[in-house]
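S.K.: Okay, here's the prediction I keep looking at, along with the sequence it came from:
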Number of protein chains: 2
Amino acid sequence: MTIKPPVDLDGLRALVASLPAGDEAAAAQALARDAVLTKPPGALGRLESLAVFLARWQGRARPGAESIRIAVFAGNHGIAAAGVSPYPASVTVQMVANFTAGGAAINALARTIGADLVVTPLDLDRPSADFRAAPALDEDEFMAAVAAGFAVVTPGLDLLCLGEMGIGNTSAAAATAAGLFGGAAIDWVGPGTGATGPVLEAKIRAVAEAAAFHRAATDDPLDLARRLGGRELAAMLGACIAARHARVPVVLDGYVTTAAVACLGLMREDGLAHAIAGHCSAEPAHRRLLDRLGLAPLLDLGMRLGEGSGAAVAAGIVRAAARTHNEMASFAEAGVDGKA
Amino acid sequence: MTIKPPVDLDGLRALVASLPAGDEAAAAQALARDAVLTKPPGALGRLESLAVFLARWQGRARPGAESIRIAVFAGNHGIAAAGVSPYPASVTVQMVANFTAGGAAINALARTIGADLVVTPLDLDRPSADFRAAPALDEDEFMAAVAAGFAVVTPGLDLLCLGEMGIGNTSAAAATAAGLFGGAAIDWVGPGTGATGPVLEAKIRAVAEAAAFHRAATDDPLDLARRLGGRELAAMLGACIAARHARVPVVLDGYVTTAAVACLGLMREDGLAHAIAGHCSAEPAHRRLLDRLGLAPLLDLGMRLGEGSGAAVAAGIVRAAARTHNEMASFAEAGVDGKA
């Protein structure tokens, strides 16, 4: 089923309030199967818990990770004009063209695992507002981006990887994290695509200003996400909510993706229970944010590209987990002796 | 080309002495290409260094990780009679049958990445000698197992994953590590398939006895490998040496695999330079052994199965590295602006 996007923030709140719980019966069946497979108990480590996770959130005793979609959302940011990135804002639309032509890292990674790549540019000619003194998006703009996220959750998916592209969006991520969790701006700001010196200083100042301004206005996590994020962050949040309703587990990518969905973890304790942290980015604040959300990353490869690249690499491991769970013989089937 | 196996230890020593160096010209070409691809410098993290690693050890500016072989060697161990494992020695031959039938974890993992799986049982009806008071293998037995390792390195491979099966072989790995590096037996012994209590105590005692006995006899790393390993360890060592000569990079699996090839790292400083540590096993001593050898594992997923399972999961990441390197567009090709 495709999930109908809500028309306003209250509708979105209602959909968060009604997020389905995991299917504990399916999880228990997967756990019981895991126990009889031809390996010492626990010997496949995280692969075993991933298989049970998939069963729980897909609602099937025999989970799968064959049909994988990588959804990449692109947006532009008013804050980019404040000199927070070493790259010009023109790169966002150019990279979307690169995605379309098949020449970006995420194209190669999607082909490697046979995943379906869907790229959604979001009003690239209309950057979000400079969030230092105004909300990044008004409610209509935010909900339109959320709806674009809902649109990528179509029937038949086993797994959804989320990713993004947007010059300036590690500033939006840092501002969102600082808005949601407080603390000093410098704790949430990192080099992103490679900011150093005056660019990095401008980024820290911008994030500090933005977080202070919007935290004074509200402490509502969803509203902070609207005020401090941007279109691609809103879309990833929408996709993450829609996926839960559609029983599609989600693989998060790096810092921007995690910041985009972080409000869900504050709105309800199990808000991100259907999500896997695909990797820990080299962006220093990502580890801090994952810790706050109680998410343990699958990979730690020093990646910091975005585009869903870390999620795509992780998805190959999630598939390996499902395959071993489904395809291995039991001790009885294989005629292998148990413990002496 | 297929590498001819040596007939005696001296011949093997000569092949270790003549291990080829990396192709620095190919590595430099790969590094230069990496610098122009459409991503911020370094943003793909370990994937970038893996691509350069492949170029260096394959001797090609455009490396590949399409043709992947997983070679699993199985052996039985005299030490198993000393009660060092919770599983009976009968499990080794039963698991080889499971591999042949396609029902083990490594079968599912090989299918997931489209790798070729070659399983080589090594005289399973003739366990290695109890190494507490005699060499595990005599020179002829050792060289026959080494030759079985050479045999899996056939033309056309891009990457070779090494793995093993053998009840009792984490004791052989621990004894080998203790023999090569010294230290207390307890530093090198772990639960393996799940040894606890008296079984774990027997394992620690056996390893301490064996290391003391053979360290008193020799300090030669290759001879210690013969005395303290076993057939599947010797075969993995042979495969690792043959692969270097054939310009096939190697992905190591867990503790047993790493222990099997550890002598190479002591025989020459660059002896394992063509090998990737696929993962860090949950077997506690694996991290210590990797540190001693200067190997940084790609994955840390709590796996401890053996069979090449961790190497196979890692191989998917190595392939992702080669694919991104080969398939991504450059800034110029894609018309993407560089830094402002």
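M.R.: Done, it's in.
S.K.: Just list what whatever helix or strand A:Gln29 lives in packs against, helices and strands only.
M.R.: Applying DSSP states H and E as the criterion places A:Gln29 in helix A:24-36. Counting contacts by 3 or more CB pairs under 8 Å, 6 or more residues apart in numbering or on different chains; DSSP states H and E, helix A:24-36 packs against helix A:46-58, helix A:309-327. The C-beta positions use only the backbone N, C-alpha and C, and glycine is treated the same way.
S.K.: before we move on, could you check phi and psi at the residue positioned nearest the centre of chain A?
M.R.: Centroid-nearest residue in chain A, with CA atoms, centre = their mean: A:Leu252, separated by 3.1 Å. A:Leu252 adopts backbone torsions of phi -80, psi 150, taken as degrees, to the nearest 10.
S.K.: pretty sure it is touching A:His274, no?
M.R.: No: under the criterion of CB atoms under 8 Å, A:Leu252 is not in contact with A:His274, lying 10.7 Å apart.
S.K.: re earlier: just the buried residues of the helix holding A:Gln29, please?
M.R.: A:26-27, A:29-31, A:33-34 (16 or more other CB atoms under 10 Å in any protein chain shown).
S.K.: Same check on stretch A:104-121?
M.R.: So, applying 16+ other CB under 10 Å, buried residues of stretch A:104-121: A:104-110, A:112-113, A:115, A:117-121.
S.K.: From the opening residue of that stretch to its closing one, how far?
M.R.: Across stretch A:104-121, the terminal residues are separated by 15 Å (CA to CA, to the nearest Å).
S.K.: How about that stretch and chain B, any contact?
M.R.: Yes: using CB under 8 Å from any CB of the partner chain, stretch A:104-121 comes into contact with chain B via A:104-105, A:107-109, A:111-113.
S.K.: and the residues you listed, which of them are in helices?
M.R.: Judged by DSSP state H, these include A:105, A:107-109, A:111-113 as members of helices.
S.K.: ok, now how distant is whichever residue of the stretch 151-300 of chain A sits closest to chain B from A:Leu228?
M.R.: With CB to the nearest CB, the shortest gap between the stretch 151-300 of chain A and chain B falls at A:Thr193, namely 4.2 Å. Noted for A:Thr193: a distance of 19 Å to A:Leu228, by CB to CB, to the nearest Å.
S.K.: Which positions in the stretch 51-200 of chain A make contact with chain B?
M.R.: A:85-88, A:90-91, A:94-95, A:97-98, A:101-105, A:107-109, A:111-113, A:193-194.
S.K.: The stretch 51-200 of chain A: helices as residue ranges?
M.R.: Using DSSP state H, counting those that start in this stretch, the helices of the stretch 51-200 of chain A run over residues A:90-101, A:105-113, A:139-151, A:169-181, A:185-188, A:197-217.
S.K.: okay, the ones you listed, which one's buried deepest?
M.R.: Mean neighbour counts were compared across the helices of the stretch 51-200 of chain A using mean count of other CB atoms under 10 Å in any protein chain shown; the top stretch is helix A:169-181, at a mean of 30.
S.K.: what helices or strands is whichever strand or helix holds A:Ala262 leaning on?
M.R.: Per DSSP H and E, A:Ala262 falls inside helix A:255-267. Using 3+ CB pairs under 8 Å, 6+ apart as the contact definition, the elements that helix A:255-267 packs against are helix A:9-17, strand A:159-165, helix A:169-181, helix A:221-228, helix A:231-245, strand A:250-252, helix A:284-293.
S.K.: Now tabulate the ones you listed in a markdown table and tack on distance to B:Ala178 and mean pLDDT.
M.R.: Below are these laid out as a markdown table (distance: least, CB to CB, whole Å; pLDDT from 0 to 100):
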| stretch | distance to B:Ala178 | mean pLDDT |
| --- | --- | --- |
| helix A:9-17 | 55 | 98 |
| strand A:159-165 | 43 | 98 |
| helix A:169-181 | 47 | 98 |
| helix A:221-228 | 54 | 98 |
| helix A:231-245 | 49 | 98 |
| strand A:250-252 | 41 | 99 |
| helix A:284-293 | 35 | 98 |
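S.K.: returning to that earlier point: turn the helices of the stretch 51-200 of chain A into a markdown table, including distance to B:Ala65.
M.R.: Putting the helices of the stretch 51-200 of chain A into a markdown table (distance: least, CB to CB, whole Å) gives the following:
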| stretch | distance to B:Ala65 |
| --- | --- |
| helix A:90-101 | 23 |
| helix A:105-113 | 10 |
| helix A:139-151 | 34 |
| helix A:169-181 | 30 |
| helix A:185-188 | 36 |
| helix A:197-217 | 36 |
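S.K.: For B:Ala332, find the nearest of these.
M.R.: helix A:90-101 (11.8 Å; CB to CB).
S.K.: and the closest one, how far out from the chain's middle?
M.R.: 20 Å (CA atoms, centre = their mean, to the nearest Å).
S.K.: Run the angle between it and strand A:159-165 for me.
M.R.: Inter-element angle recorded for helix A:90-101 and strand A:159-165: 140 degrees (by axes from the mean of the first three to the mean of the last three CA atoms, to 10 degrees).
S.K.: rewinding a little: specify which member of the buried residues of helix A:24-36 is nearest to A:Asp223.
M.R.: A:Ala27 (33.7 Å).
S.K.: leaving aside the residues next to it on the chain, what's closest to that closest one?
M.R.: A:Arg56 (3.8 Å; CB to CB, 6 or more residues apart in numbering or on different chains).
S.K.: The one you found touches A:Ala25, doesn't it?
M.R.: No: assessed by CB under 8 Å, A:Arg56 is found out of contact with A:Ala25, at 9.3 Å.
S.K.: contact partners of stretch A:189-199?
M.R.: A:83-87, A:167, A:170-171, A:174, A:200, A:203-204, A:207, A:255, A:283-286, A:304, B:40-41, B:43, B:339 (CB atoms under 8 Å, 6 or more residues apart in numbering or on different chains).
S.K.: Which positions in that stretch come out as buried?
M.R.: Buried-residue list, stretch A:189-199, by 16+ other CB under 10 Å: A:189-195, A:199.
S.K.: which stretch among the helices of the stretch 51-200 of chain A comes nearest B:Pro221?
M.R.: helix A:105-113 (37.9 Å).
S.K.: angle of that closest one against strand A:159-165?
M.R.: Using the same axes, to 10 degrees: helix A:105-113 against strand A:159-165 is 160 degrees.
S.K.: what is the rounded mean pLDDT of helix A:105-113?
M.R.: Here helix A:105-113 scores 98 as its mean pLDDT.
S.K.: mind listing what the closest residue to A:Ile106 other than its chain neighbours touches?
M.R.: Nearest residue to A:Ile106, sequence neighbours excluded (CB to CB, 6+ apart): A:Glu307, at 4.0 Å. Shown in contact with A:Glu307 (CB under 8 Å, 6+ apart): A:72, A:95, A:99, A:104-106, A:163-165, A:253.
S.K.: again with A:Val251
M.R.: With CB under 8 Å, 6+ apart, A:Val251 has these contacts: A:159-162, A:275-276, A:278, A:311, A:314-315, A:318.
S.K.: so what's whichever residue of the stretch 101-250 of chain A sits closest to chain B up against?
M.R.: Closest approach between the stretch 101-250 of chain A and chain B, counting by CB to the nearest CB: A:Gly103, at 2.9 Å. Neighbouring residues of A:Gly103 by CB under 8 Å, 6+ apart: B:38, B:327-329, B:333-334.
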